[in-house]
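Visitor: here are the coordinates; sequence isn't available:
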């Protein structure tokens, strides 16, 4: 974790201040690629809103709500980042893609054990075989939730609570799944644990792309196993 540092140098009558942003996010090519895919799926999802199938229409409506949450989260983060008279300089750490895959492996490796057990008792099929609308939902939900819960809420809350903010976000994430998806108690517990894993990795790595990719695969496996 990189903490904010402020230094002041007096040069004649001029005062030069240099700020390093606390909690600098690393935005890599994977993140940009996911955002492009996210934008494409948004337009595809619009076509499902008037679907004659009530389930597909409802899934499309939920997807649009999640997309709005994502946009609201980015706007909120931008507001907090620019709050105050003096703006800090945004400086991200090295954009090494191999680091992103290492953190992605950590996240998905922990989750794989759980999904391996689930897939032993649940039939598995391709999300694409279920329909493009399922894949669209998987992309939109994973991208939206990570931008909102990690990039926006966690990054803001942990400025004041440090690592305890990870537990706070995990609780909010669990409550969110209870309200929106009416998840069962065991699934809510899994959501809390998974969010702790996601939050911990993001707290120390600041690589959002690792979380989005792991979340996307998790959603695809989840949809394929319960559909």
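Guide: Nice, I can see it. All values reported here derive from a predicted model rather than from experimental measurement.
Visitor: how much space between residue 215 and residue 209?
Guide: Distance of residue 215 to residue 209, computed by CB to CB, to the nearest Å: 11 Å. Yep, even glycine has a C-beta here, placed from its N, CA and C like the rest.
Visitor: list the contacts for the residue nearest in space to the middle of the chain?
Guide: Centroid-nearest residue in the chain: residue 146, 1.1 Å away (criterion: CA atoms, centre = their mean). Residue 146 is in contact with 198, 208, 211, 212, 215, counting by CB atoms under 8 Å, 6 or more residues apart in numbering.
Visitor: mind listing which of those are in helices?
Guide: Per DSSP state H, helices hold the following members of the contacts of residue 146: 198, 208, 211, 212, 215.
Visitor: And the fourth one, how close does it get to residue 149?
Guide: To tie it back to what came earlier, the one meant is residue 212. Taking CB to CB, one finds residue 212 at 11 Å from residue 149.
Visitor: give me the low-pLDDT residue ranges for this structure?
Guide: Counting by pLDDT under 70, the chain has low-confidence residues at 1-27, 83-96, 114-130, 224-227.
Visitor: mind running it again at 50?
Guide: Along the chain, the parts satisfying pLDDT under 50 run over 1-23, 85-94.
Visitor: hang on, the earlier thing: could the contacts of residue 146 go into JSON lines alongside distance to residue 155 and neighbour count?
Guide: Converted to JSON lines, these look like this (distance: CB to CB, whole Å; neighbours: other CB atoms under 10 Å):
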{"residue": "198", "distance to residue 155": "13", "neighbour count": "27"}
{"residue": "208", "distance to residue 155": "9", "neighbour count": "23"}
{"residue": "211", "distance to residue 155": "12", "neighbour count": "27"}
{"residue": "212", "distance to residue 155": "14", "neighbour count": "27"}
{"residue": "215", "distance to residue 155": "16", "neighbour count": "24"}
